[in-house]
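In: give me the fold of what follows.
(chains A and B)
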Amino acid sequence: MSTLIDRYVQEVGRYLPEKNRSDIRDELRSILNDMLDDRARQAGRAADEEMMVELLREYGEPAKVAASYGRPRYLIGPGIYPQYIKVLNIVFFALTIAFVVLFGIGLMTSAWDMQGFTDSLVDTIANLASAFLTGFAFVTLVFLIIERASEGKVAEAEKWNPRDLPQVEDEMTAQPVSLIVGIVFSLIFLYLFNFSFDKVLIYWITDGGMQSMRFLSDAFRSYIPYISILLGADILLSLWVVIRGRWSSLTKWLEVATNLATAGLAGRMLLPPALVLSESELGQQVSGDFLSGFTITDLHSGIALAVRIALGIIILVALIDAGVSAYNLVRRK
Amino acid sequence: MQDTKGIETMVLELRRGVIALAVMAHLREEQYGYSLINTLAETGLEVDQGTLYPLLRRLEGQGWLDSTWKVDGTRPRRYYALNAAGGEALRLLSNEWEKLVDQVNRTIGRES
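Out: As a prediction, this is how the structure comes out:
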């Protein structure tokens, strides 16, 4: 019948690596017996089970005692934790992009109505969440293995170059790349809407070759002057900021103004008259075999929906941008 | 109003830094684990077993201590002692310790 101390020592050993197990067990047993003798002497009576229980309880839980013999064990240690977070961010970002793209493609090929859209959206979000979970588990597992393998030794720091440090930026520094991209796109749309409007069509490929179809109504056409003014203002403003290299209070407020005007115009465009050709006008352009499975009504509502979504996104982005800029401007004062 | 908890923590940190040195110094004479705890306590350095025994193993692993099992009556005990390499290490560490004490005393404005 093993004593309490023997059982305790045995239990501690269970948490120890094979290598040191018996050695530590022997030592621990010896120490605990010494401590027990000491207590018995101080108490003036022979050692009994109650004394053992108290001693062991004070000495500590077997698992913790075993742990004190080793190095601190991390799941993902401080050495590689920053990289772990970085990789997680990259994975989540990439997944999100992929799903946004897939969602967009899905929109174009699925049912053309509000129900189909919401279903598709909910579906996508659910799949995205599931993909996040999988990605998280996978990345964590990989880093867990790295931690185990490196046993806490940090990888040699790559030689980093202080010259590679990014410039000090505040929100007033111009971002030339995004501004120039904006200018280019604005120019393209300016040209397209004003000088090449009849080329703004939906294109698709059939056995008979490339086919196209008008989808924007004359009502849309009537908005073009206003769109052009805003595009022009945006181009001039962006050019000015790019040349100067920095935003100023004035240019930022001007940007807020154009954003609000854009949101306003887009909002107005959401109201009647309709921007998309009517069903009959659409139907005239299309031959039977294009519409495998869809009806003209589906086609029409689909296009109308897409246009509304586009306008909605424009409004949203413009308002958010204006809001953030205005907030920062006011805060600086 | 003194932040006694904060001070206690820092004192523990200070003590933790010198425990290895104190242990090695005591082990110029051969001792077994439990007796070492008492010796340390007598000089005012309280160490708990959870810290001491793993430390002894690490010092041995480092090649500074030798250990032997001796049977005292019926009780087998593991005795530790400083070896040659450990003695040299102790000498160097003691020098470092004196330098440190001197530097700190000067920094806090007490002449050593």
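
In: part of a strand, is B:Arg28?
Out: No - inclusion of B:Arg28 in a strand is not indicated when DSSP: H, G, I helix; E, B strand; the rest coil is applied; the result is coil.

In: that one touches B:Leu82, doesn't it?
Out: Yes - using C-beta atoms under 8 Å, B:Arg28 is in contact with B:Leu82, at 5.4 Å. In this view, the C-beta of every residue, glycine as well, is placed from N, C-alpha and C.

In: buried residues in stretch A:133-151?
Out: Using 16 or more other C-beta atoms under 10 Å in any protein chain shown as the test for burial, stretch A:133-151 gives A:135, A:139, A:143, A:146-147.

In: which of the residues you listed sit farthest apart?
Out: Between all members of the buried residues of stretch A:133-151, the longest pairwise span (C-beta to C-beta) is found for A:Gly135 and A:Glu147 and amounts to 18.5 Å.

In: which pLDDT value goes with B:Leu21?
Out: Note for B:Leu21: predicted pLDDT of 93.

In: isn't it right up against B:Leu92?
Out: No - between B:Leu21 and B:Leu92 no contact is recorded; they are 10.6 Å apart, counting by C-beta under 8 Å.

In: give me the more crowded residue out of these two.
Out: Comparing B:Leu21 with B:Leu92 by other C-beta atoms under 10 Å in any protein chain shown, the one with more neighbours is B:Leu21, at 15 against 10.

In: starting at the chain centroid, how far to the helix or strand the more buried one falls within?
Out: B:Leu21 is located in helix B:4-26, with elements delineated by DSSP states H and E. Its chain's average C-alpha position is 9 Å from that of helix B:4-26, according to C-alpha atoms, centre = their mean, to the nearest Å.

In: and that helix, what does it pack against?
Out: helix B:33-42, helix B:49-61, helix B:84-108 (3 or more C-beta pairs under 8 Å, 6 or more residues apart in numbering or on different chains; DSSP states H and E).

In: buried residues, it. List them.
Out: Taking 16+ other C-beta under 10 Å as the basis for neighbour counts, the residues of helix B:4-26 that come out buried are B:19-20, B:22-26.

In: tell me the helix or strand right after the helix or strand of chain A with the lowest mean pLDDT.
Out: In chain A, the helix or strand scored least confidently by mean pLDDT, DSSP states H and E is strand A:201-206, which has a mean of 75. Under the assignment DSSP H and E, the closest C-terminal helix or strand after strand A:201-206 is strand A:209-214.

In: same question for the helix or strand encompassing A:Glu281, mean pLDDT?
Out: Under the criterion of DSSP H and E, A:Glu281 resides in helix A:279-285. Mean pLDDT, helix A:279-285: 78.

In: low-confidence ranges, the chain, go.
Out: This is for chain A. Low-confidence segments of chain A, defined by pLDDT under 70: A:1, A:106-116, A:151-158, A:206, A:208, A:287-294.

In: let's do chain B instead
Out: Scanning chain B for pLDDT under 70 picks out the ranges B:1, B:111-112.

In: just give me the neighbour total for the closest residue to chain A within it.
Out: Sorted by distance to chain A under C-beta to the nearest C-beta, the residues of chain B start with B:Tyr34, at 4.1 Å. Burial measure for B:Tyr34: 21 neighbouring residues, criterion other C-beta under 10 Å.

In: hmm, it is touching A:Asn33, no?
Out: No - the pair B:Tyr34 and A:Asn33 does not pass the contact test of C-beta under 8 Å, sitting 9.1 Å apart.

In: follow-up on the earlier one: which one's more surrounded, B:Arg28 and B:Leu82?
Out: Using other C-beta under 10 Å as the criterion, B:Arg28 and B:Leu82 rank with B:Leu82 on top: 22 against 12.

In: who's that one bridged to?
Out: B:Leu82 has these beta-bridge partners by DSSP bridges: B:Leu65.

In: that one: what's it in contact with?
Out: Contacts of B:Leu82 were listed using C-beta atoms under 8 Å, 6 or more residues apart in numbering or on different chains, and they are B:24, B:27-28, B:64-65, B:90.

In: please report how far it lies from B:Leu92.
Out: 13 Å (C-beta to C-beta, to the nearest Å).

In: and the next helix or strand past the helix holding A:Glu281?
Out: On the C-terminal side of helix A:279-285, the closest following helix or strand by DSSP H and E is helix A:296-332.

In: for that following helix, which positions count as buried?
Out: Of the residues in helix A:296-332, those scored as buried under the neighbour-count criterion (16+ other C-beta under 10 Å) are A:299-307, A:311, A:314-315, A:318-319, A:321-322, A:325-326, A:329.

In: the residues you listed also near chain B: which ones?
Out: With C-beta under 8 Å from any C-beta of the partner chain as the criterion, the buried residues of helix A:296-332 include none near chain B.

In: ok, and the closest non-adjacent residue to the residue of chain A found nearest chain B?
Out: When you check chain A against chain B by C-beta to the nearest C-beta, the closest residue turns out to be A:Asp34, at 4.1 Å. On the basis of C-beta to C-beta, 6 or more residues apart in numbering or on different chains, the spatially nearest residue to A:Asp34 that is not a chain neighbour turns out to be B:Tyr34, at 4.1 Å.

In: ok, now A:Thr140?
Out: The spatial neighbour of A:Thr140 that comes closest, neighbours along the chain excluded (C-beta to C-beta, 6+ apart), is A:Ile76 at 7.2 Å.

In: thought that neighbour was touching A:Leu141?
Out: No - with contacts defined as C-beta under 8 Å, A:Ile76 does not count as touching A:Leu141, sitting 10.4 Å away.

In: distance of B:Leu36 from B:Arg77?
Out: Between B:Leu36 and B:Arg77 the distance is 11 Å, computed by C-beta to C-beta.

In: hmm, A:Leu28 is touching A:Gln10, no?
Out: No - in this structure, A:Leu28 sits apart from A:Gln10 without contact. The criterion is C-beta under 8 Å, and the distance is 10.1 Å.

In: which residues do B:Arg28 and B:Leu82 both contact?
Out: The contact sets of B:Arg28 and B:Leu82 overlap at B:Leu90 (C-beta under 8 Å, 6+ apart).

In: shouldn't A:Arg73 be within a strand?
Out: No - assignment of A:Arg73 by three-state DSSP gives coil, placing it outside any strand.

In: and the contacts of the helix holding A:Glu281?
Out: Taking C-beta under 8 Å, 6+ apart as the criterion, the residues outside helix A:279-285 that touch it are A:213-215, A:217, A:276, A:296-297, A:299-300, A:303.

In: gap between it and the chain center?
Out: The chain centroid and the centroid of helix A:279-285 are separated by 41 Å under C-alpha atoms, centre = their mean.

In: list the buried residues for it?
Out: The neighbour-count criterion (16+ other C-beta under 10 Å) identifies A:Leu282 as the buried residues of helix A:279-285.

In: can I get it as PDB, trimmed to CA atoms?
Out: Coordinates of the C-alpha atoms in helix A:279-285 are reproduced here as PDB (Å, rounded to 0.1, in the frame of the first residue of the first chain):
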ATOM      1  CA  GLU A 279     -38.500  46.200 -70.300                       C
ATOM      2  CA  SER A 280     -39.800  46.600 -73.800                       C
ATOM      3  CA  GLU A 281     -36.900  48.700 -74.900                       C
ATOM      4  CA  LEU A 282     -34.600  46.000 -73.500                       C
ATOM      5  CA  GLY A 283     -36.600  43.200 -75.100                       C
ATOM      6  CA  GLN A 284     -36.200  44.800 -78.500                       C
ATOM      7  CA  GLN A 285     -32.500  44.400 -78.500                       C
END
